[in-house]
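In: quick one, structure for this:
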Amino acid sequence: MEVSYFSTASRFSYSSCSSVSESSRFRGFKVHLWNQSIVLVQLSIRKRRNPRNLVSCSQKRDVLVVDGSCMDEIYDKLAERLVPTGAAMFSPNLKRLVGLAGPPGAGKSTLANEVARRVNRLWPQKASSFDDEVKSPDVAIVLPMDGFHLYRSQLDAMEDPKEAHARRGAPWTFDPSLLLKYLKKLRNEGSVYVPSFDHGVGDPVEEDIFVSLQHKVVIVEGNYVLLEEGSWKDISDMFDDKWFIDVNLDTAMQRVEDRHISTGKPPDVAKWRVDYNDRPNAELIIKSKTNADLLIRSINF
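Out: Take a look at the predicted model:
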């Protein structure tokens, strides 16, 4: 079993260590259980020691595989994983950031939204303090990476604008440094406004999604959030939990081709788009699944 420690600013883990009771204290931290993980809430404002001084066990990664007879069953399992137990859910500073990656056509947006909806339903059932007659606030929210596409005007200003637009969706057509900036602000301050993406216009919409202090679970979904290159690696390091949707590549590409056709592209153009852009991107993304803590076996919707 992997036991992960989550604070409001960092993540570190160890494997095969002894269990910790819900009411115990650990070198200046209050310890709360969160399913197979525990939450550390710092008790003082003294400078925190290097996590390596706190943990002396192996840091080997254990990867959990989640599957089921249908996607609804998988959504339920993932939601249960994200709902903490006991006093952990009442920590005012607690934020659990989940990075969800997978190739185009894997169903990232659907999975993220379905899991968030289930977390919001389960949370008040676990927290007996909620008044049955008062609608409980949402505690889970989805933060899509799509809002960090470069603007069309930025693509127009590139050395080869035609190629830039043709390859839109590749890693270099996003702004990972901006996403990292917002994730750091969220981690440090507890709330942030982030952009969404208007598919009708084809550009980001500034400050369209508000991740507030009440949100305890933030699912950041996108193609490249688990990459280990440049700023993408810094983004990957921000997450408390890293998920990857494991899907057959040909199945995913057929879904993407169908999606292109549904938006009005002729079949030959849709197929060209998949072969020229979506498949190369997907092949790169699949390499990042080795960075995941959890693999989700995708099945037909």
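In: now do the contacts for K184.
Out: K184 sits next to M238 when contact means CB atoms under 8 Å, 6 or more residues apart in numbering. Glycine gets a C-beta too; all of them are placed from N, C-alpha and C.
In: run through who's touching stretch 108-126.
Out: With CB under 8 Å, 6+ apart as the criterion, stretch 108-126 contacts 71-72, 74-76, 78-80, 82-85, 89, 100-102, 130, 136, 138-142, 144, 216-217, 219, 221-223, 245, 296, 301.
In: quick one, which of those residues are buried?
Out: Buried subset of the contacts of stretch 108-126 (neighbour count, 16 or more other CB atoms under 10 Å): 71, 74-76, 78-79, 82-84, 89, 100-102, 136, 138-142, 144, 216-217, 219, 221-223, 245, 296.
In: give me the subset of the residues you listed that lies in strands.
Out: Applying DSSP state E to the buried ones among the contacts of stretch 108-126, the entries found in strands are 100-101, 140-142, 144, 217, 219, 221, 245, 296.
In: among those residues, which one lies nearest to P266?
Out: P144 (27.6 Å; CB to CB).
In: how close does the nearest residue to that closest one once chain neighbours are set aside sit to P171?
Out: Closest residue in space to P144, ignoring its immediate chain neighbours: E221 at 5.8 Å, by CB to CB, 6 or more residues apart in numbering. E221 is 16 Å from P171, where distance means CB to CB, to the nearest Å.
In: which residues touch the top strand by length along the chain?
Out: Longest strand in the chain by number of residues (criterion: DSSP E): strand 203-211. For strand 203-211, the external contacting residues (CB under 8 Å, 6+ apart) are 141, 143-144, 146-149, 151-152, 186, 191-198, 218.
In: now a PyMOL select for only the buried ones of these.
Out: Selection of buried members from the contacts of strand 203-211 for PyMOL, criterion 16+ other CB under 10 Å:
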select buried, resi 141+143+144+146+147+148+149+186+192+194+195+197+218
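In: so which of the contacts of strand 203-211 sit within helices?
Out: With helices taken from DSSP state H, the overlap with the contacts of strand 203-211 comprises 152, 186.
In: for the stretch 201-301 of the chain, just list every one of the strands.
Out: Ranges of strands in the stretch 201-301 of the chain, per DSSP state E, counting those that start in this stretch, are 203-211, 217-221, 241-246, 294-297.
In: of those, give the one that comes closest to R96.
Out: strand 217-221 (5.1 Å).
In: strand partners (parallel or antiparallel) of that closest one?
Out: strand 96-101 (parallel), strand 140-144 (parallel) (DSSP bridges).
In: before I go, just wanted to say thanks for your time.
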